[in-house]
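Asks: would you be able to build a 3D model of this:
(one chain, ligands or ions: 1)
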Amino acid sequence: MNTPKQIVKQCVEKSDSRFDLWIRLVDSYEVKSMAEVGVYKGDFAYQLLKKCDSIEKYFMIDPWRHLEDWSKPANKNNNTFEKFLLETKEKTNFAANKTEILRGKTTEVIEKIPNNTLDFAYIDGDHTLKGITIDLIRLFEKVRVGGWIGGDDFSQSIWQHTPNYEPTLIFPFAVYFAEAVGAKIYALPYSQFLIEKNEVESFSFIDLTGKYSNLELKSHFNPLEIFKIKMMDVSTFLTGLAK
Ligand SMILES: C[S@@+](CC[C@H](N)C(=O)[O-])C[C@H]1O[C@@H](n2cnc3c(N)ncnc32)[C@H](O)[C@@H]1O
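Replies: Predicted structure coming up:
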């Protein structure tokens, strides 16, 4: 029988996109109950509900409203978010008997999910230090022992959206979190991560990409690096104007 690590590796080797990777993982694990934090237009939910027959319950957590304290490019105005919610409902309508919309920030709605019940939680909401801290702590207790927490934007650079926005701190915070709770964490391609909630507390960081060697933060604050990123941003902006 394959170990969880072998299963994860096989899924990684066969996958050709973020969606394909999670469809393979969710299928191989026969996930029945799951939650997604940060649903936006419902693209991820659509893919999983369409392709993964094992899913019986899918919680969709998102405020679908403008957030004054969220400094990220996906923070749109209220009208746009109303349209995104409608779009999500239309896209996932074919699986309406499986989905439950929990409209609100994680902290506002998470207690609607009983503890230790989810097979899988996918975190793709507020990617700042505040956001990932809240999401990992609050979702971890919702996942059953033996279940998984995965997520997006495990970005090697904390300046994923340039220094004009709050830094993205999924990486390295998720690794620190896994160490704190004694769990195994994988770095996956397409800037994804996966944490196994183990029965026996045992931390390890398995980097299947070979790209996450430095877990320190100080190199990200090197003024020269920040200057280079700002210049790249200016150059992208000027190229856009010239088109
Ligand atoms: C990058 S989008 C999600 C994309 C989606 N998972 C996909 O793959 O198609 C981020 C979403 O996180 C939501 N979000 C931001 N802060 C949040 C919070 N505190 N709790 C829950 N969701 C949040 C935003 O409203 C936005 O829709």
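
Asks: all strands of this structure, in order?
Replies: 33-37, 57-62, 99-103, 118-123, 143-151, 184-188, 192-196, 204-207 (DSSP state E).

Asks: please identify the pairing partners of the third one and their relative orientation?
Replies: In other words, strand 99-103. Strands that pair with strand 99-103, judged by DSSP bridges, come out as strand 57-62 (parallel).

Asks: what's the answer for the longest one, then?
Replies: Strand pairing for strand 143-151, determined by DSSP bridges: strand 118-123 (parallel), strand 192-196 (antiparallel).

Asks: next: the first one.
Replies: If you go by DSSP bridges, strand 33-37 pairs up with strand 57-62 (parallel), strand 118-123 (parallel).

Asks: report the central residue of this structure.
Replies: With distances taken as C-alpha atoms, centre = their mean, the residue of the chain nearest its centroid is residue 151 (2.5 Å).

Asks: of all the strands paired with strand 33-37, which lies closest to the ligand?
Replies: strand 57-62 (4.7 Å; C-beta to the nearest ligand atom). Where you see a C-beta, it was placed from the backbone N, CA and C, and this is true even at glycine.

Asks: contacts for that closest one, please.
Replies: 32-40, 42, 45, 48-49, 85, 88, 92, 95, 98-104, 106, 109-110, 112-113, 118, 125 (C-beta atoms under 8 Å, 6 or more residues apart in numbering).

Asks: buried subset of the residues you listed, written for PyMOL?
Replies: Selecting only the buried entries of the contacts of strand 57-62 in PyMOL, with 16 or more other C-beta atoms under 10 Å as the criterion:
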select buried, resi 32+33+34+35+36+37+38+39+40+42+45+48+49+85+88+92+98+99+101+102+106+109+110+113+118+125
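
Asks: check contacts around the residue in the chain positioned nearest to the ligand.
Replies: As assessed by C-beta to the nearest ligand atom, the ligand sits closest to residue 38 within the chain, at 2.9 Å. Residues in contact with residue 38, defined by C-beta under 8 Å, 6+ apart, are 61-62, 123-126.

Asks: which one's the longest helix in this structure?
Replies: helix 223-242 (DSSP state H).

Asks: next, the buried residues of it.
Replies: residue 229.

Asks: pLDDT on it, on average?
Replies: Helix 223-242 carries an average pLDDT of 79.

Asks: right, I'll call it a day here.
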